[in-house]
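Trainee: I would like to see how this sequence folds:
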Amino acid sequence: MLQPDTNQFQFYMGYIEAMFWTEEHELGDAEMSDETLKSVRKDCDDFLEKFGHLLPQDRDMDQHGHDYWLTRNGHGAGFWDRGYGPVGDTLSKHAQERGEVHVYVGDDGDVYYD
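Mentor: Numbers count the residues shown, from 1 in each chain. Below is the predicted model:
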């Protein structure tokens, strides 16, 4: 189990918070399925493994997770507008290459990740 004080955990939380913030009309107060949590962790872990070394250290990891969600899904903010210069452009490119993620509430009332 991840500890809340780890960078990895904070990145996940920022990503999930951004997901629920941008998709509030769709998700409401539904909870994430275990399958979705595993998918989020795998997706975030992969991004951090490959590009985590590029993330500016002067920001909290939850902000980076938030920016990852926003950037990959084409919301009007993200890595490119944080003043990171070429690093922000590189992070944006890699996040966008991963494609958009769609979330929805299944028949069981849980949130799923597509």
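Trainee: tell me where the chain has strands.
Mentor: Per DSSP state E, the chain has strands spanning 31-32, 103-105, 110-113. These are given in chain order.
Trainee: most tightly packed of those?
Mentor: strand 110-113 (a mean of 18; mean count of other C-beta atoms under 10 Å). Heads up, the C-betas are built off the backbone N, CA and C, glycines and all.
Trainee: ok, the nearest residue to residue 99 once chain neighbours are set aside - contacts?
Mentor: Leaving aside its sequence neighbours, residue 99 sits nearest to residue 72 (C-beta to C-beta, 6 or more residues apart in numbering; 6.9 Å). Under the criterion of C-beta atoms under 8 Å, 6 or more residues apart in numbering, the neighbours of residue 72 are 95, 96, 98, 99, 100, 101.
Trainee: any stretches of the chain with poor pLDDT?
Mentor: The model of the chain has pLDDT under 70 over residues 1-4.
Trainee: what distance do you get for the residue nearest to residue 99 to residue 31?
Mentor: 22 Å (C-beta to C-beta, to the nearest Å).
Trainee: likewise residue 111?
Mentor: From residue 111 to residue 31 the distance is 7 Å (C-beta to C-beta).
Trainee: ok, and what's touching stretch 49-61?
Mentor: Looking at stretch 49-61 with C-beta under 8 Å, 6+ apart, the contacting residues turn out to be 7, 8, 10, 11, 14, 64, 82, 84, 87, 90, 91, 94.
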